[in-house]
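Visitor: how does the following fold in three dimensions:
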Amino acid sequence: MIMTSARLGLALGFVAITATSAAAQEPYPGLDAYITKAVQASKIPGISVAIVRNDSVIYAKGFGVLAVGTKTPVDAKTLFEIGSSSKAFTATLVAMMVTDGKMRFDERLTAYLPDFRMYDPVANEAVTLRDALTHRSGIARGELVWLSAPISRDEVLHRVRFLKPEAPFRSHYSYQNMMFLAAGQAAGKAGGSTWDDLVRQRIFAPLGMTASLTSSKGLKTPNTASPHGMEHDTAYAKPPFNGDNIGPAGAILSNAEDMAQWLRFQLNDGVVNGKRLVSNIALRETHSPQILTTSGAGGGRGGQADSVPLTHFSAYGMGWFIEDYRSQLVWQHGGNTPGMTAAVGMMPEKKFGVVVLSNMQSAQLPDLLRRYIFDRQLGAPMRDLAGEAVARGLTQRRMSDSAEKAQAAQHPANALPPLPLTAYAGTYTDSLYGDVLVSVKDGYLELERGDWRAPLQYWNATNFRWSVLGSPAGPMNIKFEVSPDNTVTGLYFGLAGDATLLSKRGAGRGGRGGRGGNP
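Guide: The predicted structure follows:
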């Protein structure tokens, strides 16, 4: 008896629906043309889209190229960094550990990570796995603790104890990557393995996500999109993102075909090919609102520039934003790395899901395409969301360029700081951020931290500006601390409210006590 491909898949114990000729057909008239035009107008080199409806992959297609300046096309098998869309994988893995009786959502984190500590004694005593998965720990983001820092996952978690809270524990939503790292590491230990191995064994393998990876280390697949940034309306290629030290929060690489299987699994309540991989009770907990992210009509993601809000509430579950969109329940989560942007979203009551992957950092288009495709499925009035965003972007870019020119005029490139350059040179250190090196290079100051290295432009007083091309941090203000005798004793390093004083070695002052206990 000759089996059909579908029967053969069932006989082998899996169904890995890929981009067949059916999935390459437009589910809505004009969709291909719309995406093609939007990609070109947004100047994104490449994008890949998959759509799932009623447990079938009805669309999987690539647009554009792997890298700017090349002709190699993106397709449904092209690998992309999915960034924080990885968080739902970590939350689902934890739900699997809960199903196995190896973890409990409301168990203290220290039951799985005995050495884990937090700055706030209240949080330190009470923080649970649920707190880690729901962004309600209260601590500041502290992205520069791990971003570009040459330190391990264990060292990142060690430094959490030095990160001050930005809000009282469990008082409100505070997005936090390092707490998701803690949840992933805890799951690995509870499962007697590692987060990476468990995600591969418990999720990728049974779902048929054969191309997906938990790390870019050693990546050799030629069909991999290159990361990009945008500089003055021009796309440029960037190095791949090494997210190993924050893995469970944002290091997964995947493609449209594999992510379509992920959507099917989530929409099918944790069942694949008739086999339940996680209890419905535990998985539904990840899809349930745990803490509000916004309040008030129109406060959510659909209401921007709309006369009638499309989203009335937005909450965070575990690895998913839970919100309404045109009166439909939505589970969604975006992802950003220093060179790519992803959007993953589902309307569970419609058994409908969309994934959009792109190789441009901080791009609006993936989430706009997700909304556009939702609108097509719902039969909502059509709006050119991508075109509107491009027009807004042009206006904003002109304003930004104008402001940049005005600032540059006020701070000429030949302006000199009040002290000799050698006075600023040295190593600055802190228990939270580690070491920062300032050196004199060919008549200017250069600041180096991990993989980032760029000149320091003198601004005013003791302030400098540090601009690493393509850094998601953008231009950073670096303020030096100078004593009355004109000795440079430290510098402030960090983003906005996270700025922390790093002490200069040999200046007679210490950091935060190195790797000591609670401060």
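Visitor: state the distance from residue 38 to residue 394.
Guide: 14 Å (CB to CB, to the nearest Å). Every residue, glycine included, has its C-beta placed from N, CA and C.
Visitor: between these two, which is the more surrounded one?
Guide: Between residue 38 and residue 394, counted using other CB atoms under 10 Å, residue 38 has the larger neighbour count: 22 against 12.
Visitor: go ahead and confirm that one touches residue 369.
Guide: Yes: counting by CB atoms under 8 Å, residue 38 touches residue 369, with 6.8 Å between them.
Visitor: overlap of the contact sets of these two?
Guide: Residues touching both residue 38 and residue 369 by CB atoms under 8 Å, 6 or more residues apart in numbering: residue 386.
Visitor: so what secondary structure elements neighbour whichever strand or helix holds residue 36?
Guide: In this structure, residue 36 is located in helix 31-42 according to DSSP states H and E. With contacts taken as 3 or more CB pairs under 8 Å, 6 or more residues apart in numbering; DSSP states H and E, helix 31-42 sits against strand 46-53, strand 56-64, helix 365-378, helix 385-410.
Visitor: ok, and what's touching the third one?
Guide: Outside helix 365-378, the residues within contact range by CB under 8 Å, 6+ apart are 27-28, 31, 34-35, 38-39, 42, 44, 47, 49, 51, 53, 301-302, 325-326, 328, 330, 332, 334, 341-345, 347, 350, 352, 354, 356-358, 380-383, 385-386, 389.
Visitor: in that helix, what counts as buried?
Guide: 365-377 (16 or more other CB atoms under 10 Å).
Visitor: which one of these sits closest to residue 151?
Guide: residue 366 (29.9 Å; CB to CB).
Visitor: leaving aside the residues adjacent along the chain, what's closest to residue 179?
Guide: residue 132 (4.2 Å; CB to CB, 6 or more residues apart in numbering).
Visitor: point me to the helix or strand that includes the one you found.
Guide: helix 129-133.
Visitor: what's downstream of that helix, the next helix or strand?
Guide: Where DSSP H and E defines the elements, the next helix or strand beyond helix 129-133 is helix 153-159.
Visitor: same for that following helix, what does it pack against?
Guide: Using 3+ CB pairs under 8 Å, 6+ apart as the contact criterion, the elements in contact with helix 153-159 are helix 177-190.
Visitor: hmm, try it at 6 Å
Guide: Here helix 153-159 touches no other helix or strand, going by 3 or more CB pairs under 6 Å, 6 or more residues apart in numbering; DSSP states H and E.
Visitor: okay, buried residues for it please.
Guide: Here helix 153-159 shows 153, 156-159 as buried, counting by 16+ other CB under 10 Å.
Visitor: so, low pLDDT: which residues of the stretch 101-250 of the chain?
Guide: Nowhere does the stretch 101-250 of the chain drop to pLDDT under 70.
Visitor: in CSV, list the buried residues of helix 153-159 along with distance to residue 170.
Guide: Listed next are the buried residues of helix 153-159 as CSV, based on distance: CB to CB, whole Å:
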residue, distance to residue 170
153, 25
156, 22
157, 20
158, 23
159, 22
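Visitor: tell me which two in the residues you listed are the farthest apart.
Guide: So, the buried residues of helix 153-159 by CB to CB: farthest apart are 153 and 159, at 11.0 Å.
Visitor: any idea what sits nearest residue 28, other than its immediate chain neighbours?
Guide: Nearest to residue 28 is residue 376, by CB to CB, 6+ apart, at 4.4 Å.
Visitor: ok, residue 225 next?
Guide: residue 359 (3.9 Å).
Visitor: how near is residue 310 to residue 268?
Guide: In terms of CB to CB, residue 310 sits 27 Å off from residue 268.
Visitor: pick out whichever of the two has more residues nearby.
Guide: residue 310 (21 against 16).
Visitor: helix, strand, or coil at that one?
Guide: Under DSSP: H, G, I helix; E, B strand; the rest coil, the three-state class of residue 310 is coil.
Visitor: measure it to residue 381 for me?
Guide: 11 Å.
Visitor: now do the contacts for the residue nearest to the spatial centre of the chain.
Guide: Centroid-nearest residue in the chain, with CA atoms, centre = their mean: residue 84, separated by 3.3 Å. Each residue near residue 84 by CB atoms under 6 Å, 6 or more residues apart in numbering is listed here: 250, 335.
Visitor: identify the bridge partners of the residue lying closest to residue 212 once chain neighbours are set aside.
Guide: Nearest residue to residue 212, sequence neighbours excluded (CB to CB, 6+ apart): residue 254, at 4.2 Å. Bridge pairing for residue 254 (DSSP bridges) gives the partners residue 80.
Visitor: next, count neighbours for residue 254.
Guide: 28.
Visitor: cool, and residue 461?
Guide: Neighbours of residue 461 (other CB under 10 Å): 11.
Visitor: and the residue lying closest to it once chain neighbours are set aside, how far from residue 489?
Guide: Excluding its sequence neighbours, the residue lying closest to residue 461 (CB to CB, 6+ apart) is residue 418, at 7.7 Å. Residue 418 is 15 Å from residue 489, where distance means CB to CB.
Visitor: what does residue 363 give?
Guide: 41 Å.
Visitor: who's more crowded, those two?
Guide: Applying other CB under 10 Å to residue 363 and residue 489 shows that residue 363 carries more neighbours, namely 24 against 18.
Visitor: and the residue lying closest to the more buried one once chain neighbours are set aside, what pLDDT?
Guide: Counting by CB to CB, 6+ apart, residue 341 is the residue found nearest to residue 363 once chain neighbours are left out, at 4.1 Å. Looking at residue 341, its pLDDT stands at 98.
Visitor: and residue 341, how many neighbours?
Guide: Residue 341, neighbours per other CB under 10 Å, totals 27.
Visitor: still on that earlier bit, relative to strand 46-53, how tilted is the helix holding residue 36?
Guide: 150 degrees (axes from the mean of the first three to the mean of the last three CA atoms, to 10 degrees).
Visitor: tell me the buried residues in helix 31-42?
Guide: Buried residues in helix 31-42 (16+ other CB under 10 Å): 31-32, 34-35, 37-39, 41-42.
Visitor: kindly report the same for stretch 224-243.
Guide: Across stretch 224-243, burial judged by 16+ other CB under 10 Å covers 224-230, 235, 237-238, 240-243.
Visitor: quick one on the thing from earlier: out of the buried residues of helix 153-159, which is nearest to residue 213?
Guide: Residue 213 lies nearest to residue 153 out of those, by CB to CB, at 16.6 Å.
Visitor: hmm, that closest one is touching residue 245, no?
Guide: Yes: using CB atoms under 6 Å, residue 153 is in contact with residue 245, at 5.3 Å.
Visitor: okay, and the common contacts of those two?
Guide: Common neighbours of residue 153 and residue 245 (CB under 6 Å, 6+ apart) do not exist.
Visitor: circling back to that earlier point, I'd like the buried residues of helix 31-42 laid out as JSON lines, including pLDDT.
Guide: Converted to JSON lines, the buried residues of helix 31-42 look like this (pLDDT from 0 to 100):
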{"residue": "31", "pLDDT": "97"}
{"residue": "32", "pLDDT": "97"}
{"residue": "34", "pLDDT": "96"}
{"residue": "35", "pLDDT": "97"}
{"residue": "37", "pLDDT": "96"}
{"residue": "38", "pLDDT": "96"}
{"residue": "39", "pLDDT": "96"}
{"residue": "41", "pLDDT": "94"}
{"residue": "42", "pLDDT": "94"}
